[in-house]
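*Asks:* Sequence first, predicted model second:
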Amino acid sequence: MNKEKAGCSKQILNRLKRAEGQMRGIQKMIDEGQDCFDIVTQLSAVRSSIDRTMGLVIAENITDCFENPVVDEAEQQERLQHALEMIIKK
């Protein structure tokens with residue numbers, strides 16, 4: 001794994017850890033009986049964070065397809081198609 005890819009993976013892990021902390025905070029809010037509006041606001045923030053993280057993962061995959069193409073053209077096309085499908089599912 002090159003330094004750039006390792007940096008991106010670390011960035012993704014950091015974002016996931018942050019989202020995990022936010023989820024724990026939301027659980028605590030629910031346990032404490034906090035206002036529904038505040039809980040939904042925090043859930044929306046987590047969803048947004050996860051969406052951005054998914055974008056980073058997809059971008060990393062697409063970048064890898066172009067920077068490290070495989071020799072077999074059909075396999076390369078399959079890798080790119082898979083990356084496009086991830087975007088559509090998002």
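*Replies:* Good, I have the coordinates. Numbering: from 1, shown residues only.
*Asks:* Lowest mean pLDDT among the helices and strands of the protein, which one is it?
*Replies:* helix 73-89 (a mean of 85; mean pLDDT, DSSP states H and E).
*Asks:* May I see the buried residues of that helix?
*Replies:* Buried residues in helix 73-89, defined by neighbour count with 16 or more other C-beta atoms under 10 Å: 79, 83. (Glycine included, C-beta is placed from N, CA and C.)
*Asks:* helices or strands up against it?
*Replies:* helix 36-67 (3 or more C-beta pairs under 8 Å, 6 or more residues apart in numbering; DSSP states H and E).
*Asks:* tell me the angle the helix it packs on makes with helix 73-89.
*Replies:* If you take axes from the mean of the first three to the mean of the last three C-alpha atoms, to 10 degrees, helix 36-67 sits at 170 degrees to helix 73-89.
*Asks:* Report the buried residues of helix 36-67.
*Replies:* 39, 42, 46, 53-54, 58, 60, 62, 65.
*Asks:* and the least confident helix or strand of the chain, C-alpha only, in PDB?
*Replies:* Provided in PDB are the C-alpha atoms of helix 73-89 (Å, rounded to 0.1, in the frame of the first residue of the first chain):
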ATOM      1  CA  GLU A  73      -9.100  -5.000 -20.700                       C
ATOM      2  CA  ALA A  74     -12.300  -7.000 -19.800                       C
ATOM      3  CA  GLU A  75     -11.200  -7.100 -16.100                       C
ATOM      4  CA  GLN A  76     -10.400  -3.400 -16.100                       C
ATOM      5  CA  GLN A  77     -13.800  -2.700 -17.600                       C
ATOM      6  CA  GLU A  78     -15.400  -4.800 -14.900                       C
ATOM      7  CA  ARG A  79     -13.500  -2.900 -12.100                       C
ATOM      8  CA  LEU A  80     -14.800   0.400 -13.500                       C
ATOM      9  CA  GLN A  81     -18.300  -0.900 -13.900                       C
ATOM     10  CA  HIS A  82     -18.200  -2.000 -10.200                       C
ATOM     11  CA  ALA A  83     -17.100   1.400  -9.200                       C
ATOM     12  CA  LEU A  84     -19.900   3.000 -11.100                       C
ATOM     13  CA  GLU A  85     -22.400   0.700  -9.500                       C
ATOM     14  CA  MET A  86     -21.200   1.800  -6.100                       C
ATOM     15  CA  ILE A  87     -21.900   5.400  -7.100                       C
ATOM     16  CA  ILE A  88     -25.400   4.500  -8.300                       C
ATOM     17  CA  LYS A  89     -26.200   2.600  -5.100                       C
END
